[in-house]
Each structure stands twice: as structure tokens, then as C-alpha cells.
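> Give me a 3D structure for the following:
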Amino acid sequence: MIRIITDSSSDISLEHAKELDIDLIPLSVSFQSETYRSLTEITNEEFYEKLSRVNTLPTTSQVTPGEFEKIFRQYTEAGDDVIGLFISSKMSGTYQSALVAKELVGADSIYITETMTVTFALALLVEEAVKMRDEGIPAAEIAKRIAEIVPRNHLWAAIEDLKYLKMGGRLSATSAFFATILGICPVITIKDGLVEVVGKARGKKAAFKIIEGLLEKNPISSDYSITLGHTNSRESLKAFEEYFHATLKKREVNISDIGSIVGTHVGPGACGIAYIKK
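Numbers count the residues shown, from 1 in each chain. This is a model prediction of the structure:
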């Protein structure tokens with residue numbers, strides 16, 4: 001049997017993880033003295049409610065090698081193959097923890113792929129791995145194919161609330177003030193495993209226009225599904241879906257509620273798209 005393991009930064013819900021028959025290992029988020037395992041000890045709604053009241057950003061922590069070793073041993077001793085798809089190594093030590101655990105277990109049947117991404121773009125890779133598993137493709141081949149599409153995995157998103165970028169030191173207080181007054185919405189992507197701002201627009205629709213242009217320059221492959229993500233804002237998601245109706249129609253579209261690991265930095269109201277480029 002092939003076991004697919006990811007972490008909670010993928011923003012796959014516990015319910016959907018059961019549907020996909022995958023393992024979801026939670027990272028932790030800390031509000032000063034209070035620490036919660038994401039998804040299992042704090043819901044997304046509870047997280048954003050707490051986030052709205054903080055003066056300093058919560059911190060997040062990686063999965064430990066010991067946690068990985070336990071689950072890797074459990075599966076490999078049962079004769080299973082393991083595929084691990086985790087948050088970008090540039091964003092967290094979780095990927096390195098998985099590699100350490102693989103060495104400790106010493107099994108050749110463990111395949112850890114560097115995804116160079118996070119949140120619903122990571123979920124997209126997990127969804128594709130699940131499809132391959134269900135088609136009967138061997139674990140080594142699945143890992144190889146996922147690694148091949150990693151460079152073509154694109155994410156574009158518009159951020160609504162600049163408060164959290166300012167709190168995280170990614171935007172000065174003065175810049176945040178004037179950007180908020182002007183209704184500026186940054187457009188972000190994930191490049192080389194890290195979040196990067198690729199554009200700024202006045203208002204959500206103008207931000208969507210920037211994303212539309214990026215999609216034209218980096219067209220969507222019809223061979224894979226699409227994932228849309230949002231941070232605690234169904235309104236933003238609905239607006240995104242309406243704007244990109246022509247792009248999304250007749251395609252397989254998954255929806256992801258972005259949780260604490262990424263939501264810490266972008267705040268509520270963000271929305272975007274992840275897909276595999278042609």
C-alpha cells in the first residue's frame with residue numbers, strides 16, 4: 001500500500017484528508033504562551049478570531065523528526081511505501097525533519113519530495129499524488145512525476161489586509177498606512193520556495209486584473225485540476241470565482257480554506273489560484 005503524508009500547511013481539511021485517505025501531520029501555532037496544533041486543537045475560525053486581537057504575530061513551529069519517525073516506522077514495518085509532500089524547505093524545517101526521520105528509519109520505501117511551496121499550491125500536489133496512487137502508479141514513479149511538475153506549480157493571490165504584512169516586518173508602518181488609504185492590494189506568488197510580491201493594485205478587481213495577465217503569460221494546463229484558496233473570506237472567494245468564471249468553467253476546481261500557518265502572515269481576505277502551467 002502507498003501512504004501519502006503531508007502537513008497542515010497544505011490547508012487540506014481533516015474531512016478532506018479522510019476522503020483522500022492521506023495522513024495530515026499538524027504544525028503548531030503559538031499566541032505568546034498559548035500553543036495549538038493547527039486543525040486539531042484550533043479551528044481556522046478560532047485562529048482568525050484570535051489573530052484579529054493580537055498586537056504581535058503568532059509564531060509557527062515545524063514538525064519534529066520524532067513525529068515523522070514514528071509514522072514512517074509504522075508504515076514501513078507494515079510493508080507500505082511512503083510519499084511525503086511537505087511545506088517548502090525555505091519556509092520551515094519540516095522538510096528537513098522528514099529527511100532526518102527517513103535516515104533514522106533507514107527504509108528505501110520512503111520518498112520525500114521538495115515541493116518548494118505551501119498552502120493550496122501544496123494541496124494541489126497532494127491531490128495529484130492521490131490520483132496517481134489511485135491509478136495504481138508505483139510510489140517511486142509518483143514521487144518522480146510530482147518532482148517534475150513542481151517547477152510548473154504556480155500560485156497567484158491578492159492580499160486584502162496589510163496589517164499582518166506590517167506586523168511581520170514585510171511592510172513599513174508608513175507604507176502600510178498609505179497603501180491602506182489608497183486601497184492597495186498586493187499580488188503575491190511563491191518563487192524559489194518563498195513568498196514574493198509580484199504586483200500592487202488599487203482594489204481587489206485591479207488585483208484580479210494583474211492575476212489575469214499572469215495567467216495569460218503562464219497558461220493553465222488542462223491535464224491537472226485547479227485549486228482556489230482564501231483566508232476566512234467566502235466573499236473574496238466568490239468575487240474571485242465570478243471574475244475568473246470563463247477561466248474556471250469546465251475545469252476540476254478544488255477549494256481550500258487557508259489556515260493558521262499561512263494566514264498568520266497574510267491575514268483574512270486573501271484569495272487566489274494554484275495550478276500546473278502548460
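> okay, CA-based contacts and neighbour counts for the rest of this
Noted.
> Could I get the full set of helices for the protein?
For the chain, the helices defined by DSSP state H cover 14-20, 44-51, 65-77, 94-105, 119-134, 139-149, 163-167, 173-181, 204-217, 234-243, 245-248, 260-266.
> per-stretch mean pLDDT over these, give me the minimum one.
Across the helices of the chain, the stretch with the lowest average pLDDT is helix 173-181; it has a mean of 45.
> and residue 219, what does it touch?
277-278 (CA atoms under 8 Å, 6 or more residues apart in numbering).
> and if you look at residue 152?
Counting by CA under 8 Å, 6+ apart, residue 152 touches 276-278.
> Dump the helices of the chain into CSV; add distance to residue 192 and mean neighbour count as well.
What follows is the helices of the chain, written out as CSV (distance: least, CA to CA, whole Å; neighbours: other CA atoms under 10 Å):
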stretch, distance to residue 192, mean neighbour count
helix 14-20, 27, 13
helix 44-51, 27, 16
helix 65-77, 24, 17
helix 94-105, 15, 20
helix 119-134, 13, 22
helix 139-149, 14, 16
helix 163-167, 20, 19
helix 173-181, 26, 14
helix 204-217, 17, 17
helix 234-243, 25, 17
helix 245-248, 26, 12
helix 260-266, 17, 23
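> export those helices to TSV and tack on distance to residue 194?
Output for the helices of the chain, formatted as TSV (distance: least, CA to CA, whole Å):
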stretch	distance to residue 194
helix 14-20	25
helix 44-51	22
helix 65-77	23
helix 94-105	14
helix 119-134	12
helix 139-149	17
helix 163-167	15
helix 173-181	21
helix 204-217	18
helix 234-243	23
helix 245-248	26
helix 260-266	12
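> wait, which of the ones you listed is closest to residue 31?
Residue 31 lies closest, by CA to CA, to one member of these: helix 44-51, at 8.3 Å.
> quick one: contacts of that closest one?
With CA under 8 Å, 6+ apart, helix 44-51 has contacts from 57-58, 232, 257-260, 263-264, 267-268.
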